[in-house]
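Chemist: for reference, the sequence and a predicted model appear below.
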Amino acid sequence: MTLPSPRLVGLPPVASPHTRLLVLGSFPGVASLKAQQYYGHPRNHFWPIAGALLGFDAKALSYEQLVAAAQAAGLGLWDTYAACEREGSLDSAIRAPQFNDLSALVNQLPGLCGIAHNGGESARGRRHTASFGVPLFVLPSTSPANASWSFERKLAAWREAFTACGLI
């Protein structure tokens, strides 16, 4: 008999009334949940991409400084799912997902001009985010599991969303 996967709960949003681009991951991986940090896996490309685009050295900053730099630039972070069952960190292992209340958050972001879905699993939530009246960007996952995309290729794709929302 197989035991059910544990019910996992995600992280709170990182956003402010100054958020212009809201990045939605699917659900934090094991390393991120353990550290209670967005994109906490050391090989995840999110922070290096954000740093390259926004002009900070991601490797030199603490998590708190990374979040502050992101927020100062108008970048917000959250996930499509609030909770799920999953063994490991792969999106393909997500079971019984519960959506975050994205509408409630978006209503608190008067300057929002775009939502970026970080990867395909996050983009499954497009039916929820499409009604918010802002452009949607489906971007390549920054996860180390997305090894088919080079850092440079991911950077170019992410640059389009950051540019469209006036972050750079």
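Modeler: Now that the structure is in, tell me what you want to look at.

Chemist: list the buried residues of the helix or strand of the chain with the lowest mean pLDDT.
Modeler: Across the helices and strands of the chain, mean confidence by mean pLDDT, DSSP states H and E is lowest for helix 126-129: a mean of 90. The neighbour-count check on helix 126-129 (16 or more other CB atoms under 10 Å) flags 128, 129 as buried. Any C-beta I mention is one placed from the backbone N, CA and C, and that applies to glycine too.

Chemist: following that helix, which helix or strand comes up?
Modeler: Moving toward the C-terminus from helix 126-129, the next helix or strand (DSSP states H and E) is strand 136-139.

Chemist: could I get the buried residue list for that following strand?
Modeler: With burial defined by 16+ other CB under 10 Å, the residues of strand 136-139 counted as buried are 136, 137, 139.

Chemist: quick one: the helix or strand following that strand to chain centroid distance?
Modeler: Scanning the chain past strand 136-139 towards its C-terminal end, the next helix or strand to appear is helix 151-164 (assignment: DSSP H and E). Taking CA atoms, centre = their mean, to the nearest Å, one finds helix 151-164 lying 14 Å from the centre of the chain it belongs to.

Chemist: which elements pack onto helix 151-164?
Modeler: Under the contact criterion of 3 or more CB pairs under 8 Å, 6 or more residues apart in numbering; DSSP states H and E, helix 151-164 touches helix 46-54, strand 114-118, strand 136-139.

Chemist: most tightly packed of these?
Modeler: Per residue and on average, the most neighbours among those fall to strand 114-118, with a mean of 25 (mean count of other CB atoms under 10 Å).

Chemist: so what does it touch, helix or strand wise?
Modeler: Using 3+ CB pairs under 8 Å, 6+ apart, strand 114-118 is in contact with strand 21-25, helix 126-129, strand 136-139, helix 151-164.

Chemist: worst average pLDDT in the ones you listed?
Modeler: Looking over the helices and strands packed on strand 114-118, mean pLDDT reaches its minimum on helix 126-129, with a mean of 90.

Chemist: for that helix, which outside residues touch it?
Modeler: If you take CB atoms under 8 Å, 6 or more residues apart in numbering as the criterion, helix 126-129 is touched by 24, 80, 99, 102, 103, 115, 117, 136, 138.

Chemist: if we use 6 Å, what do you get?
Modeler: For helix 126-129, the surrounding residues in contact (CB atoms under 6 Å, 6 or more residues apart in numbering) are 102, 115, 136.

Chemist: pLDDT below threshold where in the chain?
Modeler: Scanning the chain for pLDDT under 70 picks out the ranges 1-4.

Chemist: can you give the distance of stretch 36-44 from its chain's centre?
Modeler: Between the centre of stretch 36-44 and the centre of its chain there are 11 Å (CA atoms, centre = their mean).
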